[in-house]
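[1] Okay, here's the prediction I keep looking at, along with the sequence it came from:
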Amino acid sequence: ADGDAFVFDQVDGVDGDVLEFDGGDGDAGCEFAQGVAILKGGDPGFLRDALREFAASITVATIEFENVPVDAVDLIEDEGVPVRPNGETLSRAQDRLAEKTFFREIGIEPAPFARIDHPDEIQPALTSLGGSGVLKSRFAGYDGKGQVRLKGAIMPYPAWAEVGSKMAILEAWIEHDREISVIAARSATGEFVPYDPPENDHSGGILRRSTFPSSASPAVIEEAKRLAKKLADELDYIGVLALELFVTKDGQLLANEFAPRVHNSGHWTQDACFTGQFEQHIRAVCGWPLGDPSRHSDGEMLNLLGEEANAWEQHLTDGAKLHLYGKRRAVTGRKMGHITKLKPKA
């Protein structure tokens, strides 16, 4: 989950009222929402009543990140209001085991993996996966949280503790040539509109830079778009999603994960494309015609993490576009904003 750029804040001229239902974490939300329901704890019955009242006020709903309680999404849909993406999609995205299993069921190959329900299962699984891998919590965890790199003979119980001592998944370590992602929109009528995939650089599990377009071969790019379309079609998805992929050294594609929302590796589209991912998502969710995703520029996007955002002035060179997210606390490793640097399209 990104939680780093708020969908409606990034879209100019939204035609219609915007209502926001917020769990209340004290950070920035949608700046021009006409109504905001903020709930902190409280009686579950009151929460259900509040969700029903919220559903009665809207015609369609979407989400900012995928770790929204599926029960809440199902309740809104039971009130006759479509949520895009729906609860079934969220349940797959929230559980890494369900996600990888679904990939295989629809013909998208993920990195080899093993289910881990107990620390004593870690070493045998690691050995079977080639002796090098990443142990990840099945639920929650993002930007490098809830995961640990393992290699060779390991101490299973400390590794288990690092992922929260909960159900986990062990993924084989992939010696890849590069990482790319496909950001794409799908409409209610099945129209599929992908952006040119960027090439992504991570550090400590956190995206630092996206370069667009990727320098991968045309054949790899077309196959990546095909896989993203396969995923969107099988989910009967409406909105913008992202599919993260490893490109192996022999040119094969392995799925890392998917995100049922606008994605950090697609934030550059707002500055470099005729229709950015934020506007495209709202178009799809509201049933409006999808826009032109074509790039008018090449370039790169750089994430600002933690206190890097405090020195934002130094990044305003050579026409760079600065985006700050309005978060109150500059925590180490937290995405506070990004910069898009454009250059003429090759």
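    Looks like it arrived, so ask away.
[2] Helix or strand with the lowest mean pLDDT in this structure?
    Of all helical and strand segments in the chain, the minimum by mean pLDDT, DSSP states H and E falls on strand 35-38, at a mean of 53.
[3] Name the residues that touch the very next helix or strand once past it?
    Going down the chain from strand 35-38, the next helix or strand is helix 44-56, by DSSP states H and E. The contact list for helix 44-56 (Cβ atoms under 8 Å, 6 or more residues apart in numbering) reads 19, 21, 37, 39, 61, 72, 75-76, 79-81. Where you see a C-beta, it was placed from the backbone N, CA and C, and this is true even at glycine.
[4] Could you export these to CSV, including columns for secondary structure, neighbour count and distance to N303?
    Converted to CSV, those look like this (DSSP: H, G, I helix; E, B strand; the rest coil; neighbours: other Cβ atoms under 10 Å; distance: Cβ to Cβ, whole Å):
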residue, secondary structure, neighbour count, distance to N303
L19, strand, 14, 30
F21, strand, 22, 27
A37, strand, 16, 30
L39, coil, 14, 30
A61, strand, 19, 28
A72, helix, 20, 29
L75, helix, 19, 34
I76, helix, 22, 32
E79, coil, 14, 37
G80, coil, 9, 39
V81, coil, 17, 34
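[5] With distance to A228 as extra columns, can I get those in CSV?
    Output for the contacts of helix 44-56, formatted as CSV (distance: Cβ to Cβ, whole Å):
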residue, distance to A228
L19, 30
F21, 29
A37, 34
L39, 35
A61, 23
A72, 27
L75, 30
I76, 27
E79, 31
G80, 30
V81, 27
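[6] Just give me the closest of the residues you listed to A219.
    When the contacts of helix 44-56 are compared for distance to A219 (Cβ to Cβ), A61 wins out at 38.6 Å.
[7] Report how many residues lie close to the nearest residue to that closest one once chain neighbours are set aside.
    Nearest residue to A61, sequence neighbours excluded (Cβ to Cβ, 6 or more residues apart in numbering): V83, at 4.5 Å. V83 has 23 neighbours, counted by other Cβ atoms under 10 Å.
[8] before we move on, back to that, max pairwise distance over the contacts of helix 44-56: which two?
    With distances taken as Cβ to Cβ, the most widely separated pair in those is L39 and G80, at 21.8 Å.
[9] if we can go back for a sec, between the contacts of helix 44-56, which sits nearest T101?
    Looking across these and measuring by Cβ to Cβ, the closest to T101 is A72, at 24.1 Å.
[10] Average pLDDT for stretch 231-249, rounded please.
    Taken as a whole, stretch 231-249 carries a mean pLDDT of 97.
[11] actually stretch 171-191, not the one I wrote
    96.
[12] Ramachandran angles for S132?
    phi -140, psi 130 (degrees, to the nearest 10).
[13] Contact partners for it?
    S132 touches 126, 150-152, 172-173, counting by Cβ under 8 Å, 6+ apart.
[14] how about a cut-off of 7 Å?
    151, 173 (Cβ atoms under 7 Å, 6 or more residues apart in numbering).
[15] May I have the phi/psi pair for the residue nearest to A61?
    Per degrees, to the nearest 10, the backbone of V83 is at phi -110, psi 130.
[16] That one is in contact with L75, isn't it?
    No - with contact defined as Cβ atoms under 7 Å, V83 does not count as touching L75 (9.6 Å).
[17] domain parsing for the protein?
    If you go by automatic domain parsing, the domain ranges for the chain are 7-93, 112-172, 176-344.
[18] right, and L150 touches L126 too?
    Yes - between L150 and L126 there is a contact under Cβ under 7 Å: 5.7 Å.
[19] Give the intersection of the neighbour lists for those two.
    Common neighbours of L150 and L126 are listed as G133 (criterion: Cβ under 7 Å, 6+ apart).
[20] these two touch, right, I238 and E191?
    No - applying Cβ under 7 Å as the test, I238 and E191 come out as separate, 10.3 Å apart.
[21] on that earlier part again, between the contacts of helix 44-56, which is nearest G205?
    Using Cβ to Cβ, A72 comes nearest to G205 of the contacts of helix 44-56, at 27.6 Å.
[22] what are the ranges of the strands in the stretch 101-250 of the chain?
    113-116, 132-137, 147-151, 168-172, 176-186, 192-194, 199-203, 206-212, 239-248 (DSSP state E, counting those that start in this stretch).
[23] Pull up the pairing partners for the third one, direction included.
    Read it as strand 147-151. strand 132-137 (antiparallel) (DSSP bridges).
[24] Can you spell out which residues form a bridge with the residue positioned nearest the centre of the chain?
    The chain has A259 as the residue nearest its centroid, 3.6 Å off, counting by Cα atoms, centre = their mean. Beta-bridge pairing of A259 under DSSP bridges involves A242.
[25] And T248, by the same measure?
    So, taking DSSP bridges as the rule, T248 has H176 as bridge partners.
[26] which regions of the stretch 51-200 of the chain sit below the pLDDT cut-off?
    143-144 (pLDDT under 70).
[27] Kindly recompute the last result at 80.
    141-145 (pLDDT under 80).
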